[in-house]
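**Q** Task: produce atomic coordinates for the following.
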Amino acid sequence: MRYERGTRTEFGETTILSPGMSMGTPTDGIVSIGPFEDVTVHGAKGDGTTDDSTAFAKWITALEVAGGIGIIPPGTYLLATEQILQGASQPIEIIGFGAVIKTSGAIAGFTVKDKTSTTAPVVIRGLKIDHRNNSSATYGFNVEGGWNVRLIDCTVVADDVSASYAAFRLAMSDATDGGTGSFWSVIERPWVRKESGGDGTDIPIAILIEGNPNASRIIGGGLNNCTTAILIRDQSSGDGRIANGLVIDGVAIEGFGTGIHVTSGTATAVIGGLRFINNRFEAGTTAFSFTGITTQPAVQPWLEGNFLVSDVTNYLNNPNNLRINLFDFSTTPNIGRPELWRGIDIHGQDGTDSPLNIRPGGGARGIFVQRPSDNANVARLVWTGVAVPSGRIGGRTNNELAIQGVIGIGGDGTNDALQLRGQVTISDTSTTAGVTFGTAEANVTYFIAAIVTATSGTPATGSTRIHITAKATTGFTVNVEVAPGTSNSVTIDWIMVR
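**A** Prediction:
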């Protein structure tokens, strides 16, 4: 077996010689990253039945001595012992295109662990983990306390795994505790999917981010048929931060319960600099969810350019009212199941902060709702069971502002209006009609706007001129200047504003 010079690697153009031979001194602008190691030279069979654990352990030890390029030729490698790579003083690049690792027992498919900032980068390319029918498997790829680790074009297929299983994991190091994170690590173009062979259940977690993998990135790839596609959470052995500076960019997520979920068992956990940009969601329940965190991060999570294709019920679940930057949210024109669709659902909580705070600048619109081009559905903006924010509310033909179950419009800084609207009729020789509130107002500093909306007969001139008197916490009186006259009436709608 011979590998010719000029092979492209993560670290440049490299000469690869026969097994066990040293690269020597780089010449002709060629970059040397160390010796070449083929796992089959160390005894690996790759036949899918032989336990190749011992051969892999020898191969990893050889790579850790001086770095270099590790080759896993095409084949299926059965491992009964977890393989742990800790890095070397020289870069390591593992190439596994066409290679499949299967495991037995409660182990990960491949682990990079306790790799420190003093060890050189590790790159793993094209390797596939097959965890079908191994219900004890823990993780596919496990990066635990790894600095400068890159997983590129790696695949995990699974079925019939445990409820805590994750296909990819970036985490703090339990062994060193309290600080060693998977800093500056990258999972690029990960592929996760459920394949037949087990009980047919979805993969519990496609990518698990635990603790503080500072400045790490998830870029591209596809995550399919997962209960939670990407779970980001704190870790007991960490420093109280959650994925500081993490960026998730351009990931396609399809068939999910929750797309990206940020959560914590500690209400005061710190999240900062999270950026979720240009991700694509299809056929799921909730695209983004933030739960279990009550303190406001110094740098709010940033959601930009994310795209919902079809059959996604909620864009954002934010029950603890974190401040989140939302930009350029978009969907396809035809949702497919519009009766389940929400553009953005905002779930607030009792407290002083508003679930949605919009500060338009320059001539920008605060909230703009456009009527669909097919004219079949009216564009609607709906507040349900909450106080409508203060400010001017306007509309135009074919647009609708629906207010359902609200407790008032605006406010005087202390009190909301309990009575929203009503209607009275003044008829015959009467010039007044009393309004009694079902619940007393806190004070009388409210305003009543009234307008004649209907008449009966031929009301006398002046009977449509209205004024309000006798305002009290229990009600008020509507007056017309002239009685409508016998067999005549005017109907008046009123609305309360604070």
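
**Q** got the contact list for stretch 275-287?
**A** Applying Cβ atoms under 8 Å, 6 or more residues apart in numbering, the external contacts of stretch 275-287 come out as 246-260, 288, 301-317. Every C-beta, even on glycine, is put in place using the N, C-alpha and C of the backbone.

**Q** Just the ones in strands from these, please.
**A** Of the positions in these, 247-249, 252-260, 288, 302-304, 307-308, 312-317 sit in strands, assigned by DSSP state E.

**Q** Name only those of those that count as buried.
**A** 247-248, 252-256, 258-260, 288, 303, 307-308, 312, 314-317 (16 or more other Cβ atoms under 10 Å).

**Q** Extract the C-alpha trace of stretch 191-209 and format it as CSV.
**A** In CSV, the C-alpha atoms belonging to stretch 191-209 read as follows (Å, rounded to 0.1, in the frame of the first residue of the first chain):
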residue,chain,number,x,y,z
TRP,A,191,-25.1,13.8,9.4
VAL,A,192,-27.5,12.1,11.8
ARG,A,193,-30.4,9.9,10.8
LYS,A,194,-32.5,7.1,12.1
GLU,A,195,-32.1,3.9,10.0
SER,A,196,-34.1,0.7,10.2
GLY,A,197,-32.8,-2.2,12.2
GLY,A,198,-34.1,-1.5,15.7
ASP,A,199,-37.4,-0.5,17.3
GLY,A,200,-38.0,2.5,15.0
THR,A,201,-37.8,5.2,17.6
ASP,A,202,-36.4,8.6,16.9
ILE,A,203,-32.8,9.4,18.0
PRO,A,204,-33.1,11.2,21.4
ILE,A,205,-30.4,13.8,20.8
ALA,A,206,-28.5,14.5,17.6
ILE,A,207,-26.0,17.0,19.1
LEU,A,208,-25.4,17.5,22.8
ILE,A,209,-23.5,20.6,24.0
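
**Q** any idea how far Thr201 lies from Asn225?
**A** 9 Å (Cβ to Cβ, to the nearest Å).

**Q** Ok, Thr473 next?
**A** Thr473 is 59 Å from Asn225, by Cβ to Cβ.

**Q** Who has more neighbours out of these two?
**A** Asn225 (20 against 13; other Cβ atoms under 10 Å).

**Q** so the more buried one touches Lys194, yeah?
**A** Yes: using Cβ atoms under 8 Å, Asn225 is in contact with Lys194, at 4.0 Å.

**Q** okay, and the common contacts of the two?
**A** Common neighbours of Asn225 and Lys194 (Cβ under 8 Å, 6+ apart) are 202-203.

**Q** could you pull out the helices for the chain?
**A** 53-66 (DSSP state H).

**Q** how about low-confidence regions in the chain?
**A** 1-34, 114-118, 173-183, 196-200, 236-241, 266-269, 298, 321, 327-418 (pLDDT under 70).

**Q** Okay, now stretch 461-468: how far is its last residue from its first?
**A** For stretch 461-468, the first-to-last residue distance is 19 Å (Cα to Cα, to the nearest Å).

**Q** got any residues that touch both of Thr201 and Asn225?
**A** Joint contacts of Thr201 and Asn225 (Cβ under 8 Å, 6+ apart) are Lys194.

**Q** could you list every residue that touches the closest residue to Arg465 other than its chain neighbours?
**A** Leaving aside its chain neighbours, Arg465 sits nearest to Glu481 (4.3 Å; criterion: Cβ to Cβ, 6 or more residues apart in numbering). Applying Cβ under 8 Å, 6+ apart to Glu481 gives the contacts 431, 462-463, 465, 467.

**Q** Can you say which of these are buried?
**A** Ser463.

**Q** In strands only, show me the contacts of Glu481.
**A** Using DSSP E, His467 are the members of these that sit in strands.

**Q** among the contacts of Glu481, which two are most distant?
**A** Ser463 and His467 (12.5 Å; Cβ to Cβ).

**Q** Would you mind listing the buried residues in stretch 462-482?
**A** 463-464, 466, 471, 476, 478-480.

**Q** What of stretch 185-197?
**A** Residues 185-194 are the ones in stretch 185-197 that count as buried (16+ other Cβ under 10 Å).

**Q** Dump the residues you listed to CSV, plus distance to Val122.
**A** Below are the buried residues of stretch 185-197 laid out as CSV (distance: Cβ to Cβ, whole Å):
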residue, distance to Val122
Ser185, 9
Val186, 11
Ile187, 13
Glu188, 13
Arg189, 17
Pro190, 16
Trp191, 20
Val192, 21
Arg193, 25
Lys194, 28
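
**Q** and of these, the nearest to Glu210?
**A** Looking across those and measuring by Cβ to Cβ, the closest to Glu210 is Ser185, at 12.4 Å.

**Q** Hmm, Asn142 and that closest one touching each other?
**A** No: using Cβ under 8 Å, Ser185 is not in contact with Asn142, being 11.8 Å away.

**Q** Asp234 contacts Ala243, doesn't it?
**A** No: using Cβ under 8 Å, Asp234 makes no contact with Ala243, being 9.1 Å away.

**Q** Can you pull the residues that touch both of those two?
**A** Gly211.

**Q** quick one on the thing from earlier: please render the contacts of Glu481 as TSV that adds distance to Phe437 to the earlier fields.
**A** Formatted as TSV, those follow (distance: Cβ to Cβ, whole Å):
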residue	distance to Phe437
Thr431	22
Gly462	28
Ser463	25
Arg465	25
His467	19
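
**Q** Kindly indicate which of the contacts of Glu481 lies nearest Ile95.
**A** The nearest member of the contacts of Glu481 to Ile95, counting by Cβ to Cβ, is His467 at 85.6 Å.

**Q** Return the set of residues that bridge with Thr103.
**A** Residues in a beta bridge with Thr103, per DSSP bridges, are Leu79.
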